[in-house]
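>>> Provide a 3D model corresponding to the input given below.
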Amino acid sequence: MLVAPRRRTRGGYVRTSILALGGWALATSVAATWPGLVSGVPGYVWPSVSVVAVGLAVLCARNLSYWCRALEQSLESLRENATCELPDCSDPLFSRLFDACLALARATGNRKRIGGLQDRASQETLDNLAAANLRWTGGFARCELPMLASEPMAEDGGLADPLGMRASVTAQLEAIKDAGGVLDGFRGGVVSAFFPPVPSAAIAACAAALACKRAAAGGPPIAVAVALVPAALGELVEGGLTALGPETELARQLTRSARTLGGAILVTGPVVSAAGKRFRSRRLGRFRQGWRKLELHELLGEAAEPDGPDEQLAVCYAEALTALERRDWNAASELFKKCLQLRPADGPSRVCLNFSQRFRNNPPPRSWDGTLVLGSEP
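Residues are numbered from 1 along each chain as shown. As a prediction, the model looks like this:
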């Protein structure tokens, strides 16, 4: 976890106070001559304006130095903390962080801090920086992040069982932390997290999603979704990573679709591809989520787990979905009914059965590409 300095030294406060007092005295003395130059403005206004301007300048200067120390401490944390989410010095994010440390140190003119950073960095890190030629954009690194979201399926948000919801959320947070995730938001029973951009991030996100579902067993049911989205990854002022961008809400939006589909763990196509063969999943079809068309899959479990009824259901569902997409409404209806015989509470089969029955009486246009709009089924 990236960290920011929690306190400033006594010397820093003294220097700031001296600068503020000196600036105020200088501004007051200079402002005393200004009323004669500018007509119509009371003389007592100018000292106040000058003090505010000097204060803002001092604040900006202190913040530059503060962020330089924050990034320097983050660099040290990444190098020394073996349990850190991003311990690999060759990772691109680490390289961007080191690059930002040097840039801010040069901006503040602190030669001693520049030398200290270069002394602490290994030659391998410096070589990686030179080879990658990476730059920190606007204080944030742009990358693709697996985002995980979960929320209660009950309309009341789990308030009917507050103790059970609290225990469920606590267990989910522990599961996300154990998988290497970073909590990005928590409000009520809604949990949002992301996983740092390392090669195994998608695997960790899928493992966390399964763990969250297991953690909620016996309590209020939850909807879980994982999406791989482009985001800007950076550091908060109070310390810790955060992910920003319009796509970061996709996983939370997908939890609503998961509720419609009966609580299936939804993952997007890119997540399935990135996770490889470590997990079992079934393709649910192409769905419209807002303005997006997404290939959604249900995460069934780890590949090492023995096959069970889920595998039979996945095969039957795949045949039914193929029939639906080739516009064979009767065959699709019969196959989805067979899926419901294998699992009567299967939400995706129930939803797609409703679509196939509706399309039999009111078929979509010939340009239909198989995309289903959740919420529009009868």
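
>>> please name the nearest non-neighbouring residue to residue 336.
With Cβ to Cβ, 6 or more residues apart in numbering as the criterion, residue 336 has its nearest non-adjacent residue at 3.9 Å, and that residue is residue 353. The C-beta positions use only the backbone N, C-alpha and C, and glycine is treated the same way.

>>> list the buried residues in the strand or helix carrying the one you found.
For residue 353, the host element (DSSP states H and E) is helix 347-361. Buried residues in helix 347-361, counted by 16 or more other Cβ atoms under 10 Å: 347, 348, 349, 350, 351, 352, 353, 354, 355, 356, 357, 359.

>>> ok, now stretch 172-181?
172, 173, 175, 176, 179, 180, 181.

>>> same question, stretch 330-339
331, 332, 333, 335, 336, 338, 339.

>>> including secondary structure, could those residues go into CSV?
Shown next, in CSV, are these (DSSP: H, G, I helix; E, B strand; the rest coil):
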residue, secondary structure
331, helix
332, helix
333, helix
335, helix
336, helix
338, helix
339, helix
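
>>> just give me the closest of these to residue 367.
residue 332 (18.9 Å; Cβ to Cβ).

>>> now the element after the helix holding residue 353, going C-ward?
strand 371-373.

>>> looking at it, residue 279 is touching residue 206, isn't it?
Yes: here residue 279 reaches residue 206: they are 5.2 Å apart, a contact under Cβ atoms under 8 Å.

>>> overlap in contacts of these two?
Listed as contacting both residue 279 and residue 206 by Cβ atoms under 8 Å, 6 or more residues apart in numbering are residue 299.

>>> so which of the two has more stuff around it?
Per other Cβ atoms under 10 Å, whichever of residue 279 and residue 206 has more neighbours is residue 206, with 27 against 24.

>>> and residue 248, how far from residue 278?
With distances taken as Cβ to Cβ, to the nearest Å, residue 248 is found 24 Å from residue 278.

>>> can you put the buried residues of stretch 172-181 in a markdown table and add secondary structure, pLDDT and distance to residue 189?
Listed next are the buried residues of stretch 172-181 as a markdown table, based on DSSP: H, G, I helix; E, B strand; the rest coil; pLDDT from 0 to 100; distance: Cβ to Cβ, whole Å:
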| residue | secondary structure | pLDDT | distance to residue 189 |
| --- | --- | --- | --- |
| 172 | helix | 88 | 9 |
| 173 | helix | 87 | 11 |
| 175 | helix | 88 | 15 |
| 176 | helix | 89 | 14 |
| 179 | coil | 88 | 19 |
| 180 | coil | 85 | 23 |
| 181 | coil | 86 | 17 |
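
>>> residue 375: which of these is nearest?
Out of the buried residues of stretch 172-181, the member with the shortest distance to residue 375 (by Cβ to Cβ) is residue 172, at 26.3 Å.

>>> what separation do you get for the closest one and residue 287?
Where residue 287 is concerned, residue 172 sits at a distance of 25 Å (Cβ to Cβ).

>>> likewise for residue 361?
22 Å.

>>> swap in residue 330?
Distance, residue 330 to residue 287, using Cβ to Cβ: 23 Å.

>>> for residue 255, same thing?
14 Å.

>>> contact partners for the closest residue to residue 298 other than its chain neighbours?
Counting by Cβ to Cβ, 6+ apart, residue 298 lies nearest to residue 264, which is 4.3 Å off, once chain neighbours are set aside. For residue 264, the contact set (Cβ under 8 Å, 6+ apart) comprises 258, 284, 298, 347, 348.

>>> any idea how far residue 264 is from residue 250?
16 Å.

>>> show me where the stretch 151-300 of the chain has strands.
182-187, 190-194, 222-235, 241-244, 266-268, 279-289, 292-302 (DSSP state E, counting those that start in this stretch).

>>> and the third one, what's buried?
What it means is strand 222-235. Within strand 222-235, the residues scored as buried using 16+ other Cβ under 10 Å are 222-229, 231-235.

>>> tally of neighbours for residue 375?
What residue 375 shows, counting by other Cβ under 10 Å, is a neighbour count of 10.

>>> so it, which of the three states?
Reduced to three states by three-state DSSP, residue 375 is coil.

>>> could you check the pLDDT of it?
Note for residue 375: predicted pLDDT of 73.

>>> wait, it sits on residue 287?
No: Residue 375 is not in contact with residue 287 according to Cβ under 8 Å; the separation is 10.3 Å.

>>> follow-up on the earlier one: okay, the buried residues of stretch 172-181 in JSON lines with distance to residue 193 next?
JSON lines is the format used below for those (distance: Cβ to Cβ, whole Å):
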{"residue": "172", "distance to residue 193": "9"}
{"residue": "173", "distance to residue 193": "8"}
{"residue": "175", "distance to residue 193": "10"}
{"residue": "176", "distance to residue 193": "5"}
{"residue": "179", "distance to residue 193": "9"}
{"residue": "180", "distance to residue 193": "10"}
{"residue": "181", "distance to residue 193": "4"}
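
>>> closest one of those to residue 200?
Using Cβ to Cβ, residue 180 comes nearest to residue 200 of the buried residues of stretch 172-181, at 8.3 Å.

>>> re earlier: tell me which two of the buried residues of stretch 330-339 sit farthest apart.
Those two in the buried residues of stretch 330-339 that are separated most widely, counting by Cβ to Cβ, are 331 and 339, at 12.8 Å.

>>> what sits in contact with each of the two?
Common neighbours of residue 331 and residue 339 (Cβ under 8 Å, 6+ apart) are residue 320.

>>> list the buried residues of the strand or helix carrying residue 146.
Residue 146 is part of strand 140-152, with elements assigned from DSSP H and E. Neighbour-count burial for strand 140-152, counted by 16+ other Cβ under 10 Å, picks out 140, 141, 143, 144, 145, 146, 147, 148, 149, 150, 151, 152.
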